[in-house]
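Student: The following block contains a protein sequence and its predicted model.
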Amino acid sequence: MKYIILFFLLGIASVALSQELNCQVNVVANPALDVTTTEKEIFEELEQKVFDLMNNTTWTKDNFEVEERINCVFQISITKIIGTGAYEASLQVQATRPVYNSTYNTTLFNFLDEDLSFSFQRNAQLLFTENQFSSNLVSVLSFYAYYIIGLDADSFLLNGGDPHFDKAQNVVSLAQSGGGSGWRANEKGRKNRYWLIENTLQELFSPFREGYYDYHRKGVDNLYEDQALARTEILKATKKLLKVTSSRPGSVNILNFAYSKREEIKKIFKDGDRKQKVEIVNTLKRLDPANSSKYQEILE
């Protein structure tokens, strides 16, 4: 009997180690909403159910040790109560990964999805089944799970995220028949889930993925051993993104990269030489012209 118990416990440990995400979940309501006590309790239950889905689902066949799990934060902000159990919301998704030989974490993705509508009732189960559409909420959450797992893999190995991005694209295809928004090309002016993954997998965006890999493995991963080298590689990596901007200006992927990395780049280049500062500022302004003044601060 003791051997059976040991085998069972080892099996549980093996499953636990294969889970990929260490996800913090917050569900908040817009202060302007008149939220009843019952609805507050429903939001608390929703928060726990989303937490369970993100952290207890085995998303891939890869083996992740506990310390290798991807740290991420999902914040659902309820903006409108449509009716009993029906809501409109925004979803902020942030994912980070540790920098080599340091305690510092770099942001992989920081994105606000303003197009989340869903239904949730008390005692409802949020379960993901591959190749099946369950609900718009589960589809949105599973899409971002696969997307950030793909970005994490891309940051360690050039095009390493391909199998996970393919899964994210499959979620998009299945969700298009579910009636939710954010899954089609003509919604939200190209700032939606459809274009996030469509762009990522297009050949046109291969310089973006190459630059993304270089930024992390050749850039920030060298930050604590050779800052000058790290700055040089980060500058080279961001310049690769210009190849995409020249033919697809204002893409959601490029703009989100600039937004996610803006403060980090400011700090990294604070002690750089003047020539490098000018180069990185000019590059970032071309990538994200709407925020030119924010990049100018690097030169101050």
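Tutor: Yep, it's here.

Student: Counting neighbours, which bits of the strand or helix carrying Leu112 end up buried?
Tutor: Secondary structure assigned from DSSP states H and E places Leu112 in strand 105-119. By 16 or more other CB atoms under 10 Å, the buried positions in strand 105-119 come out as Thr106, Thr107, Leu108, Phe109, Asn110, Phe111, Asp113, Asp115, Leu116, Ser117, Phe118. C-betas here are computed from N, CA, C, even on glycine.

Student: who's in contact with the first one?
Tutor: Residues touching Thr106, when contacts are defined by CB atoms under 8 Å, 6 or more residues apart in numbering, comprise Thr96, Arg97, Pro98, Val99, His216, Val220, Glu264.

Student: before we move on, the earlier item: partner strands of the strand holding Leu112, parallel or antiparallel?
Tutor: strand 86-98 (antiparallel) (DSSP bridges).

Student: Only alpha carbons, please: show the partner strand as CSV.
Tutor: Presented in CSV, the C-alpha positions along strand 86-98 are these (Å, rounded to 0.1, in the frame of the first residue of the first chain):
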residue,chain,number,x,y,z
ALA,A,86,-23.5,39.4,-17.7
TYR,A,87,-20.6,41.9,-17.7
GLU,A,88,-18.4,44.1,-19.8
ALA,A,89,-14.8,44.6,-18.6
SER,A,90,-11.3,45.3,-19.5
LEU,A,91,-8.4,42.9,-18.9
GLN,A,92,-4.8,44.0,-18.1
VAL,A,93,-2.3,41.3,-18.7
GLN,A,94,1.3,41.6,-17.6
ALA,A,95,4.0,38.9,-17.8
THR,A,96,7.6,39.0,-16.7
ARG,A,97,10.7,36.8,-16.7
PRO,A,98,13.9,36.8,-14.6
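
Student: burial of the residue lying closest to Leu174 once chain neighbours are set aside, as a residue count?
Tutor: Excluding the flanking residues, the one nearest Leu174 by CB to CB, 6 or more residues apart in numbering is Phe133, at 4.5 Å. Other residues near Phe133 come to 17 when the count uses other CB atoms under 10 Å.

Student: sec struct for Phe133, please.
Tutor: Taken by DSSP: H, G, I helix; E, B strand; the rest coil, the conformation at Phe133 corresponds to coil.

Student: Test my guess that it contacts Gly180.
Tutor: No: the pair Phe133 / Gly180 is not scored as a contact, 9.8 Å apart, by CB atoms under 8 Å.

Student: Between those two, which contacts overlap?
Tutor: Ser139.

Student: Check the secondary structure at the closest residue to Tyr146 other than its chain neighbours for me.
Tutor: Using CB to CB, 6+ apart and skipping residues adjacent in sequence, the residue nearest Tyr146 is Ala168, 3.9 Å away. With three-state DSSP as the basis, Ala168 sits in helix.

Student: again, but for Glu225
Tutor: Quick answer, by three-state DSSP: Glu225 is coil.

Student: was I right about it contacting Lys218?
Tutor: No: judged on CB under 8 Å, Glu225 makes no contact with Lys218 at a distance of 11.9 Å.

Student: Give me the more crowded residue out of the two.
Tutor: Lys218 (16 against 11).

Student: next SSE after the helix or strand of the chain with the lowest mean pLDDT?
Tutor: None of the helices or strands of the chain scores lower by mean pLDDT, DSSP states H and E than helix 2-17, at a mean of 39. Following helix 2-17 in sequence order, the next helix or strand is strand 21-29 (DSSP H and E).

Student: all helices of this structure, in order?
Tutor: 2-17, 37-56, 136-156, 162-175, 193-201, 206-213, 227-245, 252-268, 274-287, 292-296 (DSSP state H).

Student: Now do the fifth one: which elements does it pack against?
Tutor: Looking back up the chat, that one is helix 193-201. Helix 193-201 is packed against helix 136-156, helix 162-175, helix 206-213, helix 252-268, with contacts defined by 3 or more CB pairs under 8 Å, 6 or more residues apart in numbering; DSSP states H and E.

Student: Give me the contacts around stretch 71-89.
Tutor: Contacts for stretch 71-89 (CB under 8 Å, 6+ apart): 21-30, 33, 35, 39, 42-43, 46-47, 50, 54, 90-97, 105, 116-121, 141, 144, 148.

Student: which stretches of the protein have low pLDDT?
Tutor: Counting by pLDDT under 70, the chain contains low-confidence ranges at 1-18.
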